[in-house]
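Asker: Test case, fold it:
(one chain, ligands or ions: 1)
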Amino acid sequence: MRTWLITGASRGLGRALALHLSARGDRVLAVAREPAGLHALADRCGPGRIDAVPLDLADAGAIRPTLDAAIAGAGGIDGAINNAGIGAYKSFLAHDEAELLRILQVNLGAAMQVCRVVLPHLAARGGGHIVNIGSDLGRRPLANMAPYVATKHGLLGFSHSLLREVKDQRIRVSLVNPGIIDTGFGGGQEGHGDGHHSLRPEELAAQVVAVLDAPAGMVIDEITLHPLGQSDF
Ligand SMILES: NC(=O)c1ccc[n+]([C@@H]2O[C@H](COP(=O)([O-])OP(=O)(O)OC[C@H]3O[C@@H](n4cnc5c(N)ncnc54)[C@H](OP(=O)(O)O)[C@@H]3O)[C@@H](O)[C@H]2O)c1
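Answerer: Residues are numbered from 1 along each chain as shown. Below you'll find the predicted structure:
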């Protein structure tokens, strides 16, 4: 059994990842703001699989104490998936300043903070894995999503740079760039896609787990996955 920290685990891709990993016997420290979604996930997965970790990643000061306690409660950790992400489709100036800073913090600042908490544990264990969920927008521009796109570009540079710092400690860092996913991101409704124009969260989760399952001496440093029917790539 391995133990993974997953942010944004209450719905969407994060929940699909938690379901996949717990179904094969792993333990998940599941982070999100709303406890209800985390408890529903824990009930679905059965005893000993999900530790609900309510945490607002926009609250930078709460991240270390909350995660330190969760990791200590689990007796250590094998890796983390920085999956939580937020964004709004509107012009740059229509983002108010608080919203702008929240997007930067949740998508990028918090991912770095999670790494700062988790990396010493992985080094002490002799290795581990960090997966950052980016976006196909990490490598191209999109009008009306400038703050979100900036965070995904930032996550790309961070992931590749961090990998080069920690790989000699047998710590792998992988960046997964999805195209459109059939989730409620940005106010949509999860589960209404046809599997052609948007990625099914459970199918994408299986590919992320394949990244985790790469042979120990191999790192998949970046992958991009699009639904065939996505028109803008
Ligand atoms: N959906 C897409 O088309 C798409 C495409 C490319 C990349 N991505 C990326 O894929 C990742 C997952 O997206 P998704 O579509 O699964 O999103 P989602 O369905 O909107 O789920 C987002 C998750 O993040 C959590 N979250 C949001 N704000 C948080 C905060 N301040 N603190 C802690 N948790 C927070 C949410 O729970 P709470 O609300 O309870 O906190 C929820 O569990 C994101 O990084 C996103 O940028 C998505």
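
Asker: At the contact with the ligand, which residues of the protein appear?
Answerer: Taking C-beta under 6 Å from any ligand atom as the test, the list of the chain residues beside the ligand reads 7-14, 31-34, 37, 55-58, 83-86, 106, 133, 135, 178, 180-181, 183-185. Quick note: C-beta positions are derived from backbone N, CA and C, even for glycine.

Asker: Sitting in strands, which of the residues you listed do you find?
Answerer: Mapping the residues of the chain next to the ligand onto strands (DSSP state E) picks out Thr7, Val31, Ala32, Ile133, Pro178.

Asker: Tally up the residues packed near the third one, please.
Answerer: This means Ala32. Per other C-beta atoms under 10 Å, the neighbour tally for Ala32 reads 26.

Asker: That one bridge partners, please.
Answerer: Assessed by DSSP bridges, Ala32 has beta-bridge partners Pro54.

Asker: what sits against the residue nearest to the spatial centre of the chain?
Answerer: In the chain, the C-alpha closest to the average C-alpha coordinate belongs to Asn83, at a distance of 1.3 Å (C-alpha atoms, centre = their mean). Taking C-beta atoms under 8 Å, 6 or more residues apart in numbering as the criterion, Asn83 is in contact with Ile6, Thr7, Gly8, Ala9, Leu13, Gly14, Leu17, Ile133.

Asker: Looking at these, which one is closest to the ligand?
Answerer: The shortest gap between the ligand and any of these belongs to Gly8, at 2.7 Å (C-beta to the nearest ligand atom).

Asker: was I right about that closest one contacting Gly14?
Answerer: Yes - with contact defined as C-beta atoms under 8 Å, Gly8 counts as touching Gly14 (3.9 Å).

Asker: got the phi/psi numbers for Arg27?
Answerer: When quoted as degrees, to the nearest 10, the phi and psi of Arg27 stand at phi -110, psi 140.

Asker: residues near it, how many?
Answerer: Burial measure for Arg27: 20 neighbouring residues, criterion other C-beta under 10 Å.

Asker: How about it, nearest residue that isn't a chain neighbour?
Answerer: The shortest distance from Arg27 to any residue other than its chain neighbours is 4.5 Å, reached at Thr3 (C-beta to C-beta, 6 or more residues apart in numbering).

Asker: Phi, psi for the one you found please.
Answerer: Torsion angles, degrees, to the nearest 10, at Thr3: phi -120, psi 130.

Asker: was I right about it contacting Asp78?
Answerer: Yes - taking contact to mean C-beta under 8 Å, the distance of 5.4 Å between Thr3 and Asp78 places them in contact.

Asker: PyMOL command for the buried members of the residues of the chain next to the ligand?
Answerer: Once 16 or more other C-beta atoms under 10 Å is used to decide burial, the buried members of the residues of the chain next to the ligand can be selected in PyMOL as follows:
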select buried, resi 7+8+9+10+11+12+13+14+31+32+33+37+55+56+57+58+83+84+85+86+106+133+135+178+180+181+183+185
